[in-house]
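Student: Show me the folded form of this:
(chains A and B)
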Amino acid sequence: NAGVTQTPKFQVLKTGQSMTLQCAQDMNHEYMSWYRQDPGMGLRLIHYSVGAGITDQGEVPNGYNVSRSTTEDFPLRLLSAAPSQTSVYFCASSHALLIPPETQYFGPGTRLLVL
Amino acid sequence: AQKVTQAQTEISVVEKEDVTLDCVYETRDTTYYLFWYKQPPSGELVFLIRRNSFDEQNEISGRYSWNFQKSTSSFNFTITASQVVDSAVYFCALSEQGGATNKLIFGTGTLLAVQP
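Tutor: Modelled structure (predicted):
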């Protein structure tokens, strides 16, 4: 049971390049989400998914795309990287439709630098 | 709108001192959930506690304790007899209620430095 895994751990991009941050979980969680962490800003929700084929926007979705073709994977795509997207990205997952909501499991993070 | 405020950006204490991290939240929901996470220098996020809005009992876990007061919309975290290993960024978070989502709204975090 690997939990939530993220790849790569660190990436450097040039402005305008595209890339995909990978996230996978092996806990059969319905709910998956992406956050970005910036100094002084805490973690902010980018996109989330409540199941395969269902995604929605969070607080800061601009410049990012997501898709959820399987329960296990939830990749985050940067279409044209900008320096403002330099950040640490965390993927998280949990079961959905639970009261109280289940604690989310976070991946180890991907540190992205856009030059 | 929902919001979590951690007014203390950085706190520095000497080992064995007690320290309290403040968290104030805003929400219109009558049912909500509050969380604390720890982020050590290694960067991962470690879950510490979840509290629901109907349970105002204080909770103690070893050297950690939490004080939830609905009247002041606060969910403060106290570390007793702090240790160097407690040095980390601590985040308070609020969970929206409703639907299938499990969205978390985070505060900006408090950096705790425990000096030996």
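Student: can you pull the buried residues of stretch B:64-82?
Tutor: B:64-68, B:73-79, B:82 (16 or more other CB atoms under 10 Å in any protein chain shown). Backbone N, C-alpha and C define where each C-beta goes, glycine included.
Student: Packing partners of the longest strand along chain A?
Tutor: In chain A, taking DSSP state E as the definition, the longest strand is strand A:42-51. Secondary-structure packing of strand A:42-51 (3 or more CB pairs under 8 Å, 6 or more residues apart in numbering or on different chains; DSSP states H and E): strand A:31-38, strand A:54-57, strand A:64-66, strand B:88-95, strand B:104-106.
Student: Most widely separated two among the buried residues of stretch B:64-82?
Tutor: Distance extremes for these: the farthest pair is B:73 and B:82 at 25.8 Å, using CB to CB.
Student: Pairing partners for the lowest-mean-pLDDT helix or strand in chain B, with directions?
Tutor: Every helix and strand of chain B was ranked by mean pLDDT, DSSP states H and E. The lowest is strand B:59-61, at a mean of 87. Looking at strand B:59-61 with DSSP bridges, its partner strands are strand B:64-69 (antiparallel).
Student: which residues are contacting the strand it pairs with?
Tutor: Strand B:64-69 is contacted by residues B:34, B:36, B:48-49, B:51, B:55-60, B:74-80 when judged by CB atoms under 8 Å, 6 or more residues apart in numbering or on different chains.
Student: How many residues are close by residue B:58?
Tutor: Residue B:58: 13 surrounding residues under other CB atoms under 10 Å in any protein chain shown.
Student: got a list of what it touches?
Tutor: Here residue B:58 is in contact with B:65-68 (CB under 8 Å, 6+ apart).
Student: do the same with residue A:89
Tutor: A:6, A:21, A:34-37, A:46, A:76, A:109-112.
Student: How about residue B:59?
Tutor: Here residue B:59 is in contact with B:49, B:51, B:65-66 (criterion: CB under 8 Å, 6+ apart).
Student: pLDDT below threshold where in the chain?
Tutor: This is for chain A. A:1, A:97-101 (pLDDT under 70).
Student: hm, I was asking about chain B
Tutor: For chain B, counting by pLDDT under 70, the residues that fall below are B:97-101.
Student: measure residue A:4 to chain B for me?
Tutor: Distance of residue A:4 to chain B, computed by CB to the nearest CB, to the nearest Å: 10 Å.
Student: how far away is that residue from residue A:84?
Tutor: Distance from residue A:4 to residue A:84, counting by CB to CB, to the nearest Å: 25 Å.
Student: Give the residue from the two that has the larger number of neighbours.
Tutor: Counted by other CB under 10 Å, residue A:4 and residue A:84 do not tie: residue A:4 has more neighbours, with 22 against 11.
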